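In: Build me a model:
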Amino acid sequence: MKAFVFCIVFAASSLFALAQDEGGCYDGRLENGVGNITEVPCDFANGGVCQTKIEVNQNDTYVDLQCQQDKACTSNQNNNGQNCYSIEAQEKEVQVCFFCCSTSLCNIAIDEIPPSP
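Out: Numbering: from 1, shown residues only. Here you go, the predicted structure:
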């Protein structure tokens, strides 16, 4: 009987932990505000994060949303100083910016580049 109760408690706590570790991200592409976005699962417990990529190319804005591995997203985001916020990127009118977040559905689609942190 004790083993049976332990199994139920263990299973319930495992499901609770799984529910906390799993979440989702928005996924899709918008071109000048038009496109399709869906929700996809993202395994936050194993290094998943939600990524937002904003590309402004002259008068066009592209937004890509997805679940990404933390290391890859952070590496992309670390280049924002040069590819997103630099004077050179702004003068060329081609800015590519990445943003990472790690809570469910945190990668909202925005249509402009936020101010430099």
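
In: residue ranges of the helices in this protein, please?
Out: Under the criterion DSSP state H, helices of the chain are mapped to 2-21, 70-77, 80-83, 87-92.

In: Quick check: which helices or strands does the third one pack against?
Out: Using 3 or more Cβ pairs under 8 Å, 6 or more residues apart in numbering; DSSP states H and E as the contact test, the elements touching helix 80-83 are helix 87-92, strand 94-101. For every residue, glycine as well, the C-beta is placed using N, CA and C.

In: Kindly report the same for the second one.
Out: Judged by 3+ Cβ pairs under 8 Å, 6+ apart, the packing partners of helix 70-77 are strand 48-57, strand 94-101.

In: one step back: so for residue 22, which of the helices and strands packed on helix 80-83 sits nearest?
Out: Nearest of the helices and strands packed on helix 80-83 to residue 22, taken as Cβ to Cβ: strand 94-101 at 15.4 Å.

In: List the contacts of that closest one.
Out: Contact with strand 94-101 is made by 49-58, 68, 70, 73-74, 76-77, 79-80, 83-85, 89, 107, 113-114, as judged by Cβ atoms under 8 Å, 6 or more residues apart in numbering.

In: change it to 6 Å
Out: Strand 94-101 is contacted from outside by 49-57, 73, 76-77, 80, 83-84, 89, 107, 113, using Cβ atoms under 6 Å, 6 or more residues apart in numbering.

In: What of stretch 45-64?
Out: Residues from elsewhere that reach stretch 45-64 (Cβ under 6 Å, 6+ apart): 21, 25, 29-32, 42, 65-70, 73, 93-102, 106-107, 109, 111, 113.

In: now stretch 73-83
Out: So stretch 73-83 is contacted by 49, 51, 89, 96, 97, 98, 100 (Cβ under 6 Å, 6+ apart).

In: Throw the residues you listed into JSON lines and include pLDDT and neighbour count, thanks.
Out: Shown next, in JSON lines, are these (pLDDT from 0 to 100; neighbours: other Cβ atoms under 10 Å):
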{"residue": "49", "pLDDT": "98", "neighbour count": "25"}
{"residue": "51", "pLDDT": "98", "neighbour count": "26"}
{"residue": "89", "pLDDT": "96", "neighbour count": "19"}
{"residue": "96", "pLDDT": "97", "neighbour count": "18"}
{"residue": "97", "pLDDT": "97", "neighbour count": "20"}
{"residue": "98", "pLDDT": "97", "neighbour count": "22"}
{"residue": "100", "pLDDT": "97", "neighbour count": "18"}
